[in-house]
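# Next one to model:
(chains A and B)
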Amino acid sequence: DIQMTQSPSSLSASVGDRVTITCRASQSISNYLNWYQQKPGKAPKLLIYAASSLQSGVPSRFSGSGSGTDFTLTISSLQPEDFATYSCQQSYTLPQTFGQGTKVEIK
Amino acid sequence: QVQLQESGPGLVKPSETLSLTCTVSGGSISGYYWSWIRQPPGKGLEWIGNIHYSGSTNYNPSLKSRVTVSIDTSKNQFSLNLSSVTAADMAVYYCARRGSGASHNWFDPWGQGTLVTVSS
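This is a model prediction of the structure:
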């Protein structure tokens, strides 16, 4: 299985901060990488697919980049509604696997 | 828009079979792959398996010996059976549609999730 490792596992940030979350795959996955946002008690919500494509309806402050084994999710200006857990997921091969999540907390 | 809703027992005894159903509304189940994903309390997400509307399936090898996913297109539903459950199977179980485009795929939308507790 392809292992997905996210860093950091948690971070504290203030409204308006630029936030960057990293996801590393245990082998090359080209750009077969998706990002999800999950709020407590809620289902994950797709933010980014194919490493850098913004899902319809997702604010433009979210962006994704990367290819191969290293990927980044960036929130350009953190908003109050962005405090949540973010997870990456590879769709390169089965079984599809997720990172362990990065919790973004209020500073 | 398409909505998914999981249903089934919230409590299952050890060694018994966990059975959940996902009902799809607002759109047809045809033309897509449909997935089950779970999340143990405080842990990350784990893909369980996919089913195509034609009935073809893919399962996570770590669960393959215990998992069956089926589909009923007439009812716009698909189902999960997980046999011989243990405490390690306690999790929130989600159903989701597997969207796709240009060789990529992703999970969207998701059901709200249902917590399944394993206890005697």
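
# Is it correct that residue A:5 is in contact with residue A:27?
No. Using CB atoms under 8 Å as the test, residue A:5 is too far from residue A:27 to be in contact (12.0 Å). Where C-beta positions appear, they are placed from N, C-alpha and C, glycine not excepted.

# residues contacting the residue most central in space within chain A?
The centroid of chain A falls nearest to residue A:35 when counting by CA atoms, centre = their mean (4.0 Å). Listed by CB atoms under 8 Å, 6 or more residues apart in numbering or on different chains, the contact set of residue A:35 reads A:23, A:46-48, A:62, A:64, A:73, A:86-89.

# one step back: the more surrounded of residue A:5 and residue A:27?
Neighbours were counted for residue A:5 and for residue A:27 using other CB atoms under 10 Å in any protein chain shown; residue A:5 has more, 14 against 11.

# Would you agree residue A:45 is in contact with residue A:56?
No. The pair residue A:45 / residue A:56 is not scored as a contact, 11.8 Å apart, by CB under 8 Å.

# which one of those two has more residues nearby?
residue A:45 (18 against 7).

# In terms of helices and strands, where is the nearest residue to the more buried one once chain neighbours are set aside?
In space, and not counting its chain neighbours, residue A:45 is closest to residue A:37: 5.0 Å by CB to CB, 6 or more residues apart in numbering or on different chains. According to DSSP states H and E, residue A:37 maps onto strand A:33-38.

# What pairs with that strand, parallel or antiparallel?
strand A:45-49 (antiparallel), strand A:85-90 (antiparallel) (DSSP bridges).

# For those strands, could you give me a markdown table that also reports mean pLDDT and distance to residue B:102?
Shown next, in a markdown table, are these (pLDDT from 0 to 100; distance: least, CB to CB, whole Å):
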| stretch | mean pLDDT | distance to residue B:102 |
| --- | --- | --- |
| strand A:45-49 | 98 | 10 |
| strand A:85-90 | 98 | 16 |
